[in-house]
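*Asks:* Quick check, what structure comes out for this input:
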Amino acid sequence: MKRIMMSVKEVAVYLGVSVTTIYTMARKSEIPHIKVRGRILFNRSVIEDWTRGEYQESKRVEGTVDEQNIVMKDWWIWLTQQKSKLT
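*Replies:* Reported below is the predicted structural model:
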């Protein structure tokens with residue numbers, strides 16, 4: 001069974017680019033990712049969809065914690081929908 005989340009190094013290998021490129025893309029919000037305790041993580045199915053051009057990012061909201069929680073809620077809803085497709 002494949003893990004759900006991927007590290008920066010795993011995504012770099014998957015995409016065939018350098019780790020530095022992945023960090024730069026994440027910093028510029030050019031690749032979908034989340035941060036957990038300062039660590040950048042990638043959802044495997046999101047990255048797979050993104051590489052096929054099938055991932056549509058929710059409107060990015062910057063600002064208050066409440067606004068950021070809306071983005072995380074959208075991401076969580078999307079993730080739940082993806083999981084339900086597997087069952």
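
*Asks:* State the mean pLDDT of the helix or strand in which E48 is found.
*Replies:* E48 is located in helix 44-51, with elements delineated by DSSP states H and E. Along helix 44-51, the predicted confidence averages to a pLDDT of 92.

*Asks:* Next: stretch 2-11.
*Replies:* Stretch 2-11 comes out at a mean pLDDT of 92.

*Asks:* so what's the most centrally placed residue in the chain up against?
*Replies:* Relative to the mean C-alpha position of the chain, the nearest C-alpha, by C-alpha atoms, centre = their mean, is the one of H33, at 3.0 Å. Going by C-beta atoms under 8 Å, 6 or more residues apart in numbering, H33 touches A26, I40, L41, F42. The C-beta positions use only the backbone N, C-alpha and C, and glycine is treated the same way.

*Asks:* can you give me the strands for this protein?
*Replies:* 5-6, 34-36, 39-43 (DSSP state E).

*Asks:* Any idea which of these gets closest to T21?
*Replies:* Each of those was checked against T21 via C-beta to C-beta, and the shortest separation belongs to strand 39-43, namely 12.7 Å.

*Asks:* what's the closest one in contact with?
*Replies:* Residues outside strand 39-43 that contact it (C-beta under 8 Å, 6+ apart): 4-8, 10-11, 22-23, 26, 31-35, 79.

*Asks:* Thanks again, I'm all set now.
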